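> Build me a structure from this.
(one chain, ligands or ions: 1)
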Amino acid sequence: MVDFSPPPLLQIRGLRKAFGALEVTRGVELRIEPGEIHAIIGPNGAGKTSLINQISGELEADSGSILFAGRELRGLAVHQRARLGLGRTYQTSSLFDRMSVEHNVMLALQSREGHSFRFWRPTASDPRLINPAREILQRLDLLPLRTQRAADLAHGQRRQLEIAMALATRPKLLLLDEPMAGMGQEESWQMVEALRRLGKEVSILFVEHDMETVFALADRISVLVYGRVIACGDADSIRNDPQVRSAYLGGIEDA
Ligand SMILES: Nc1ncnc2c1ncn2[C@@H]1O[C@H](COP(=O)(O)OP(=O)(O)OP(=O)(O)O)[C@@H](O)[C@H]1O
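Coordinates of the predicted model:
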């Protein structure tokens, strides 16, 4: 039979990584479809961040394959993967604190354009950067804060600005490591809403501990335990999976 389904955006096969004797990735298989919001959950130390780092290129896998939009990513540098359409945020903030919200996004846009310093002019007055920056800020509800210094933003707003900066690189897939970390309930739900809207334009792969937001946001969830994906499916199938329940010692039922 002919298969008319679209090719996956990301397909990981047999991925392995060890730090000395510690195997953090033990034959991971993962498939992300175009337009999907996909969550990776798992206990502390399961290898979630290490997996994201192997996709983005911060960490080089030992073996296996990472196909992204039909290209093998293994062996490519972080900036090469970014150019192919991988955008990411980090657990620690990467903002320019003394600059305005708008200026931060403009710098991210400028880095995508690869402006050389020979043609440099003050970013803050460049109309080719101002308009797209404002459009991105609008998508993340940050436009009213555009003149504020990044340092003066609330925690949740900073996380949203980090996503705005990742979006400035026009990714096909956004990699988010714990986007709700350290947020209160209201901030978390604002982030869920923002990501749900973004999910209509860009695929999202995110690591998150907060089950309630994972179940509310993700189309599919992969459960990583000791470096292996033990289950993958929608919220209901993951909630009811006996292996997942035992890995979480029942805690998953509370969400
Ligand atoms: N550069 C490194 N060198 C040695 N060990 C490492 C390195 N990075 C991570 N590890 C170890 O690999 C294991 C997996 O770490 P990783 O951060 O990927 O897990 P995680 O699932 O993201 O955990 P958490 O939920 O706590 O953030 C941990 O035991 C960690 O201590």
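
> quick one: Arg146 from Gln185, how far?
Distance of Arg146 to Gln185, given as C-beta to C-beta, to the nearest Å: 26 Å. In short, each C-beta sits where N, CA and C put it, glycine included.

> of these two, who's got more company?
Arg146 (17 against 11; other C-beta atoms under 10 Å).

> ok, the closest residue to Phe215 other than its chain neighbours - contacts?
Ranked by C-beta to C-beta, 6 or more residues apart in numbering and with sequence neighbours excluded, the top spatial neighbour of Phe215 is Ala235, at 4.3 Å. Contacts for Ala235 (C-beta atoms under 8 Å, 6 or more residues apart in numbering) come out as 214-215, 218, 221.

> helices or strands up against the helix or strand where Val105 lies?
Here Val105, judged by DSSP states H and E, is contained in helix 101-113. With contacts defined as 3 or more C-beta pairs under 8 Å, 6 or more residues apart in numbering; DSSP states H and E, helix 101-113 has these neighbours: helix 127-139, helix 155-167.

> Highest mean neighbour count out of these?
With neighbours defined as mean count of other C-beta atoms under 10 Å, the helices and strands packed on helix 101-113 peak in mean count at helix 155-167, which reaches a mean of 22.

> Counting by contacts, list what the next helix or strand after that helix packs against.
Next along the chain after helix 155-167, taking DSSP H and E as the criterion, comes strand 173-177. Applying 3+ C-beta pairs under 8 Å, 6+ apart, one finds that strand 173-177 contacts helix 48-56, strand 86-88, helix 155-167, strand 203-207.

> Name the residues of the stretch 1-150 of the chain found near the ligand, please.
19, 22, 24, 42, 44-50 (C-beta under 6 Å from any ligand atom).

> Now for those residues: which two are most distant?
Comparing every pair within those by C-beta to C-beta identifies Phe19 and Gly42 as the most remote, at 17.2 Å.

> neighbour-wise, which of the two wins?
Gly42 (23 against 9).

> what about Ile66, which SS state?
Reducing the assignment at Ile66 to three states with DSSP: H, G, I helix; E, B strand; the rest coil gives strand.

> I figured it hits Leu76, correct?
No - counting by C-beta atoms under 8 Å, Ile66 sits too far from Leu76 to count as a contact (9.3 Å).

> quick one: which of those two has more around it?
Shown here are Ile66 and Leu76; by other C-beta under 10 Å, Ile66 has more neighbours (23 against 18).

> Mind telling me which residue of the stretch 51-200 of the chain is nearest the ligand?
With C-beta to the nearest ligand atom, the shortest gap between the stretch 51-200 of the chain and the ligand falls at Leu51, namely 6.8 Å.
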